[in-house]
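# Give me a model of this one.
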Amino acid sequence: MLPSITHATDFPTQLAGACPDGIDFYFENVGGAIWQAALPLVNKFARVPISGLIAHYDGVGPGDGTDRLPATMRETLSKSLTLRGFINCAPPWSNAQARDFEEEAARSSGVAPSAAEDPE
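You can find the predicted model right below:
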């Protein structure tokens, strides 16, 4: 098995070190400990598209029994976060939505979006 930074006991510290200015755009598709490490680093008005929670696909692990929903909601409210769930293969996901998502990601990262054609 390959070593994984996400399994490191100091992953939250490493992530914080990699994001000294916080996070403006976070694409969530893991959940679990990764989300818990990223959430405190998310800046005010950050955007968080959610397309999966792979850490929970086999059910919720034993964890420590802490209900983290109230803390997540408090962070979402106090930081004015935009969270949006989507399943990219289910309607009404469209090429236009994909383009909007790509443009939003580009604005946040400073990287130009690709010139994908919208066949609609």
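# For the lowest-mean-pLDDT helix or strand in the chain, buried residues please.
The helix or strand of the chain with the poorest confidence is helix 95-109; it has a mean of 73 (mean pLDDT, DSSP states H and E). Using 16 or more other Cβ atoms under 10 Å as the test for burial, helix 95-109 gives 99, 101, 104. For the C-beta atoms, the positions are set from N, CA and C on the backbone; glycine is no exception.
# same question, stretch 30-45
Buried residues in stretch 30-45, counted by 16+ other Cβ under 10 Å: 30-31, 34-39, 41-42.
# Can I get that stretch as CSV, trimmed to CA atoms?
C-alpha atoms of stretch 30-45 as CSV (Å, rounded to 0.1, in the frame of the first residue of the first chain):
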residue,chain,number,x,y,z
VAL,A,30,-14.1,12.8,0.3
GLY,A,31,-15.7,13.9,3.6
GLY,A,32,-14.7,12.4,6.9
ALA,A,33,-11.3,13.5,8.3
ILE,A,34,-10.4,15.4,5.1
TRP,A,35,-13.5,17.6,5.4
GLN,A,36,-12.8,18.1,9.1
ALA,A,37,-9.2,19.2,8.3
ALA,A,38,-10.4,21.6,5.5
LEU,A,39,-13.4,23.2,7.2
PRO,A,40,-11.4,25.3,9.7
LEU,A,41,-9.3,26.6,6.8
VAL,A,42,-12.1,27.7,4.6
ASN,A,43,-12.2,31.4,4.3
LYS,A,44,-15.3,33.7,4.6
PHE,A,45,-17.5,33.5,1.5
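# Give me the mean pLDDT for that stretch.
For stretch 30-45, mean pLDDT is 89.
# do the same with stretch 70-86
Stretch 70-86 shows a mean pLDDT of 91.
# With just CA atoms, put that stretch into PDB.
Extracted C-alpha coordinates of stretch 70-86, given in PDB (Å, rounded to 0.1, in the frame of the first residue of the first chain):
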ATOM      1  CA  PRO A  70     -23.800  21.600  14.500                       C
ATOM      2  CA  ALA A  71     -20.100  22.700  14.200                       C
ATOM      3  CA  THR A  72     -20.300  22.400  10.400                       C
ATOM      4  CA  MET A  73     -23.500  24.400  10.200                       C
ATOM      5  CA  ARG A  74     -22.000  27.100  12.600                       C
ATOM      6  CA  GLU A  75     -19.000  27.400  10.300                       C
ATOM      7  CA  THR A  76     -21.200  27.500   7.200                       C
ATOM      8  CA  LEU A  77     -23.300  30.300   8.700                       C
ATOM      9  CA  SER A  78     -20.600  32.300  10.400                       C
ATOM     10  CA  LYS A  79     -18.300  32.300   7.300                       C
ATOM     11  CA  SER A  80     -21.200  32.800   4.800                       C
ATOM     12  CA  LEU A  81     -20.100  29.700   2.900                       C
ATOM     13  CA  THR A  82     -21.800  28.400  -0.200                       C
ATOM     14  CA  LEU A  83     -22.100  24.700  -0.200                       C
ATOM     15  CA  ARG A  84     -23.800  23.000  -3.200                       C
ATOM     16  CA  GLY A  85     -24.200  19.300  -3.700                       C
ATOM     17  CA  PHE A  86     -24.400  17.800  -7.100                       C
END
